[in-house]
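Q: Requesting a structural model of the entry that follows:
(2 chains)
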Amino acid sequence: MNKIVSIFIILFGGLYCSCTDADYTLGNKYDPSNMDLNPPALFFHPYEINASLGEQISVELYGYKLNPAAAAQLDIRYDWGSLKVDSVVAGPFFTGNNDAVEIIVDEQGVLDIFLYYLPDMESNESDEGTWSLATIYFSPLSTGESELLYGQNTQFRDAQNDTVRINDYGTGLINVE
Amino acid sequence: MNYQEKPYSTILIFLLILLLVQVGESTGITKAISYKSDNQLAVLPFEGRNISDPLTSFVTEEFRNAVRSLKIYQVQDNDITERLEIYTPKSKTYWNCWSVGCAIDRGRKLGVNYVIVGNVEEKEDAYFINGRLFSVDLETLVNEFSLSSFSDADSLLLELKKLAYQVSGLPVPDTLGLDSDTTRVDDLSLNKNKSRFTLPKIPSKIKALIMSTALPGTGQLWSKKRYSGYGFMSTEATLGLAALISYYQYDQKWGNFQENYDAYLKGTDPHTLLEYRPQIVQYAKESNQYNSYMKQIRSVAIPIWIINMVHAYIVAPNDDFFDGEFFFDIEYDPNVNQVKTGFSIPLE
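A: Residues are numbered from 1 along each chain as shown, chains lettered A, B, ... in the order given. The predicted structure is shown next:
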C-alpha cells in the first residue's frame, strides 16, 4: 500500500516539476559565424593576438565552409620588420590518409604557402568544410602592432584544377608588447 | 367393510383438515413475524472523549443490551448498525451526526424507526454520557438524555441501565442492580489514550479537502466515492506520468544543451564551435518543447486538481457543526432551496 502511495506521490510530483526554458547566446568570438564573413571564406585564428617579445606566436589559417578543394596557394602578408616566420605546419584540411604536400616561400613580408592534398586509391581527392589549413609560427622582432592579410594571390583549386571560389577574407592583428 | 372403512376415512379427513389448519396458522404466524416492527432502534456507536476506543465500544454495546433487554425497542445488532461505517470510514464517531437531518438520514439508511446517537466522556474521574433519541418516521428529536457517574465500573453500568429505562420511557425500578461483569470496564479504561493532548478535531469536509489537496482522489475515496476518487486519482496520475515523461525528456535535452553550450562558451576552435552551434539550437528547441509540454500538462492538471478539491469537500460527509462544537459549516437546505452557512463558537 505504501508503495502504491509512493508511486502516486511520485506521479503527482511530476506535476510540480518546474523548469526553465533554454536561453542562450551564440556569441563566442571565435565562432566563424560571428566574424561577419560570407562563406566560403578564409580568416586568421585567432584574429587578434597579444604577445610579448621572445614569445612564439602561432596563427592558424582557417577556411570557413570551403567547397571541395585539392590544392591551395595561401598568400599571407605580414610586417616582416616586426615578425619572423619560424615555421609552417599544414592543418587538417589537406590532411587525409596522407600528410599534405606543402611548399613554403617566405620573401620580405610575403609568405606563400602551397598546399596539396595527397590522395590515394582509398581516399578522396579533396576536402571541404571548416578546418585549419595551416599554422604559422612567428617570432616577434619588435614591439608594436602587425597586421595579417590574405594577399590577392590566394587561390584554391579543386581536383579538376578548377578555381574554388572564396567570397571573403578575414584579417588578423598581432600586438607585441 | 364399508362400515369399517368409514372411521378411517373420517380420521383421514380430520387429519387433513388439521394439517391444513396448521399450515394456515403457521402461514399466519410467518406473516405476523414478517411484519415490520415500528420500534426498530439503531444505537450508533458512541464517540469517546478522553476514553479508550474499546471502552467506548463496550459502553455502546452495554447500552444496546440494556435497551434491548427492556423489549420496548427492537435494537439493531451492532454489526448491522456499524455497516454505516461505510459512510464515515475510519471513524467510529457519530457525535458529528448530532442533528436531526443527519440522524434521520442515517436511520433511513439503516432502515430503523429510531436512532440514538451519543458520546461518552471522562472528565475529572467521572463519566459523562450524552445522547439523543431521534424518530426517523417523525423526523424529529424525541428525547435528549445525559448522565454522569463516578469513574467506577459499577456506577457507570448502573447508570447505563437507568438510562436505558429513561430512553425506553419506563420508570426506573428501585431495585435496579447490576448483573453484568464490571471488571471489563476497569480493564478497558486502562487502555485509554496515554496522552491527554489531542489535536482539535478536523471536520470531515475539511479532512476530505486536505486529503484530496495532498493526493487527488483520496478525499473522495475516504468519503467512499470510489468512482470519482479513482477517476480523479487516475486522471492526475496519468497527467503526472505524462509530466514525468516530459520532464525526463526535458532533463535529457537540457543536460545535452548545457553540456554543448558550456563547451561552446569555453571553446576556441572554430571547427568545433561550428559543430556545437546546431546542436545547441536543436537541444534548446527540444528542451523548450518538453518544457512547454509540462506547462500545458500543468495547465490542465491544476484546474482538475482544484475541481477535485472542491468535489472532495462537497461529497464528504456533513458534520453538522451547528449543533456540535465546530465553528463553521456550509449546508444545502432543500426546504428553502438555498445553501446556508453557519458560524458558531462554543462557550465552554
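Q: show me what contacts the closest residue to B:Gln76 other than its chain neighbours?
A: Distance criterion C-beta to C-beta, 6 or more residues apart in numbering or on different chains; nearest residue to B:Gln76, sequence neighbours excluded, is B:Ala42 at 4.5 Å. For the C-beta atoms, the positions are set from N, CA and C on the backbone; glycine is no exception. Contact analysis of B:Ala42 by C-beta atoms under 8 Å, 6 or more residues apart in numbering or on different chains lists B:Val75, B:Gln76, B:Ile80, B:Thr81, B:Arg106, B:Gly107, B:Leu110, B:Val112, B:Tyr114, B:Val115, B:Ile116.
Q: now these as a markdown table including secondary structure, neighbour count and pLDDT?
A: Shown next, in a markdown table, are the contacts of B:Ala42 (DSSP: H, G, I helix; E, B strand; the rest coil; neighbours: other C-beta atoms under 10 Å in any protein chain shown; pLDDT from 0 to 100):
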| residue | secondary structure | neighbour count | pLDDT |
| --- | --- | --- | --- |
| B:Val75 | strand | 25 | 84 |
| B:Gln76 | coil | 22 | 80 |
| B:Ile80 | helix | 12 | 66 |
| B:Thr81 | helix | 23 | 62 |
| B:Arg106 | helix | 23 | 82 |
| B:Gly107 | helix | 26 | 83 |
| B:Leu110 | helix | 19 | 82 |
| B:Val112 | coil | 25 | 86 |
| B:Tyr114 | strand | 27 | 87 |
| B:Val115 | strand | 31 | 86 |
| B:Ile116 | strand | 29 | 86 |
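Q: Quick check: the farthest pair among the residues you listed?
A: B:Val75 and B:Arg106 (15.3 Å; C-beta to C-beta).
Q: before we move on, which element is the residue nearest to B:Gln76 in?
A: Here B:Ala42, judged by DSSP states H and E, is contained in strand B:40-43.
Q: how about the helix or strand following that strand: buried residues?
A: Scanning forward in sequence from strand B:40-43 by DSSP H and E, the next helix or strand is strand B:47-49. By neighbour count on 16 or more other C-beta atoms under 10 Å in any protein chain shown, the buried set for strand B:47-49 is B:Glu47, B:Gly48, B:Arg49.
Q: If you count contacts, what does the helix or strand just after strand B:47-49 end up packed against?
A: Going down the chain from strand B:47-49, the next helix or strand is helix B:53-70, by DSSP H and E. Judged by 3 or more C-beta pairs under 8 Å, 6 or more residues apart in numbering or on different chains; DSSP states H and E, the packing partners of helix B:53-70 are strand B:40-43, strand B:47-49, strand B:74-75, helix B:78-81, strand B:114-123, helix B:153-168, helix B:183-189.
Q: do you know which of these lies nearest B:Glu236?
A: Taking C-beta to C-beta as the criterion, B:Glu236 comes closest to strand B:47-49 out of those, the separation being 33.7 Å.
Q: Against which helices or strands is that closest one packed?
A: If contacts are counted by 3+ C-beta pairs under 8 Å, 6+ apart, strand B:47-49 sits against helix B:53-70, strand B:114-123.
Q: That one pairs with which strands?
A: With DSSP bridges as the test, strand B:47-49 is paired with strand B:114-123 (parallel).
Q: could you pull out the helices for chain A?
A: Taking DSSP state H to define them, one finds helices in chain A at A:2-13.
Q: what stretches of it score poorly on pLDDT?
A: For chain A, the stretches with pLDDT under 70 are A:1, A:14-18, A:121-127.
Q: wait, which of the helices and strands packed on helix B:53-70 is closest to A:Asp99?
A: Closest among the helices and strands packed on helix B:53-70, using C-beta to C-beta: strand B:47-49, at 94.5 Å.
Q: Using CSV, lay out the buried residues of strand B:47-49 together with pLDDT.
A: Shown next, in CSV, are the buried residues of strand B:47-49 (pLDDT from 0 to 100):
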residue, pLDDT
B:Glu47, 79
B:Gly48, 78
B:Arg49, 76
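Q: CSV please, covering the residues you listed and showing distance to B:Pro317.
A: Converted to CSV, the buried residues of strand B:47-49 look like this (distance: C-beta to C-beta, whole Å):
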residue, distance to B:Pro317
B:Glu47, 14
B:Gly48, 19
B:Arg49, 19
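Q: mind listing what A:Gln155 touches?
A: Contacts of A:Gln155 (C-beta under 8 Å, 6+ apart): A:Ala72, A:Gln73, A:Thr163, A:Val164, A:Ile166.
Q: and the longest helix along chain B, what other elements does it pack with?
A: Ranked by number of residues, the top helix in chain B under DSSP H is helix B:270-315. For helix B:270-315, the helices and strands in contact under the criterion 3+ C-beta pairs under 8 Å, 6+ apart are strand A:127-140, helix B:204-214, helix B:218-222, helix B:226-266.
Q: Can you say which of those is nearest to A:Ala22?
A: Per C-beta to C-beta, nearest to A:Ala22 of those: helix B:226-266, 5.2 Å.
Q: any idea how far chain A is from the closest residue to B:Pro317 other than its chain neighbours?
A: Distance criterion C-beta to C-beta, 6+ apart; nearest residue to B:Pro317, sequence neighbours excluded, is B:Ser204 at 4.7 Å. Going from B:Ser204 to chain A by C-beta to the nearest C-beta, to the nearest Å gives 21 Å.
Q: What confidence value was assigned to B:Ser204?
A: On the pLDDT scale, B:Ser204 is placed at 82.
Q: before we move on, back to that, quick one: strands adjacent to the strand holding B:Ala42?
A: Strand B:40-43 has these strand partners (DSSP bridges): strand B:74-75 (parallel), strand B:114-123 (parallel).
Q: Dig out what B:Gly131 forms beta bridges with.
A: Going by DSSP bridges, B:Gly131 forms beta bridges with B:Gly118, B:Phe145.
Q: which residues touch it?
A: Contacts of B:Gly131 by C-beta under 8 Å, 6+ apart are B:Phe46, B:Ile116, B:Val117, B:Gly118, B:Asn119, B:Glu144, B:Phe145, B:Ser146, B:Leu163, B:Val167.
Q: count of residues packed around the fifth one?
A: Okay, so that is B:Asn119. Look at B:Asn119: counted by other C-beta atoms under 10 Å in any protein chain shown, it has 23 neighbours.
Q: repeat for the fourth one
A: Number of residues near B:Gly118 (other C-beta under 10 Å) recorded here: 25.
Q: Tell me who's in contact with it.
A: By C-beta under 8 Å, 6+ apart, the neighbours of B:Gly118 are B:Val43, B:Leu44, B:Phe46, B:Glu47, B:Phe63, B:Tyr94, B:Trp95, B:Ile129, B:Asn130, B:Gly131, B:Arg132.
Q: can I get these in JSON lines with distance to A:Ala90?
A: Shown next, in JSON lines, are the contacts of B:Gly118 (distance: C-beta to C-beta, whole Å):
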{"residue": "B:Val43", "distance to A:Ala90": "102"}
{"residue": "B:Leu44", "distance to A:Ala90": "97"}
{"residue": "B:Phe46", "distance to A:Ala90": "98"}
{"residue": "B:Glu47", "distance to A:Ala90": "94"}
{"residue": "B:Phe63", "distance to A:Ala90": "105"}
{"residue": "B:Tyr94", "distance to A:Ala90": "94"}
{"residue": "B:Trp95", "distance to A:Ala90": "94"}
{"residue": "B:Ile129", "distance to A:Ala90": "104"}
{"residue": "B:Asn130", "distance to A:Ala90": "102"}
{"residue": "B:Gly131", "distance to A:Ala90": "104"}
{"residue": "B:Arg132", "distance to A:Ala90": "103"}
